[in-house]
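S.K.: sequence and predicted structure, then a few things I'm wondering about:
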Amino acid sequence: METYHDLLCTPSPAGLAFECEQGCGRLLVVERGTGRMTVLGRGDPYALHRGGTPDVELSVGVERA
Ligand SMILES: [Zn+2]
């Protein structure tokens, strides 16, 4: 059975931060400009995190930010 978590996107001076809304600890930051992704927290490895797929969210988020 698959578990879905939602990622909340929060713009910050360094870039975009994505944090798991369910609170499993998943946390990653996508740098503004370079688009480089840094995973700060792995969170639940069995959960599928939606809304924060960097490649998808990046193209939308960065333009807006
Ligand atoms: Zn999660």
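M.R.: On my side now, so go ahead. Please read all numbers here as calculations on a predicted model, not as lab measurements.

S.K.: how far is stretch 2-11 from where the chain is centred?
M.R.: Mean C-alpha position of stretch 2-11 versus that of the full chain (Cα atoms, centre = their mean, to the nearest Å) differs by 7 Å.

S.K.: what about the helices in this protein?
M.R.: Counting by DSSP state H, the chain has these helices, from start to end: 54-64.

S.K.: for stretch 29-46, measure first residue to last.
M.R.: Start and end residues of stretch 29-46 are separated by 20 Å (Cα to Cα, to the nearest Å).

S.K.: any idea of the mean pLDDT in that stretch?
M.R.: Per-residue pLDDT values over stretch 29-46 give a mean of 91.

S.K.: the most centrally placed residue in the chain and the ion: what is the separation?
M.R.: When the chain is reduced to its mean C-alpha position, the closest residue under Cα atoms, centre = their mean turns out to be residue 18, at 3.0 Å. According to Cβ to the ion, to the nearest Å, residue 18 stands 10 Å off from the ion. All C-beta atoms are positioned from the backbone trio N, CA, C, and that covers glycine.

S.K.: what of residue 49?
M.R.: Look at residue 49 and the ion: by Cβ to the ion, they are 6 Å apart.

S.K.: so what's that residue bridging to?
M.R.: Beta-bridge pairing of residue 49 under DSSP bridges involves residue 5.

S.K.: I'd say it and residue 8 touch.
M.R.: No: the pair residue 49 / residue 8 is not scored as a contact, 10.5 Å apart, by Cβ atoms under 8 Å.
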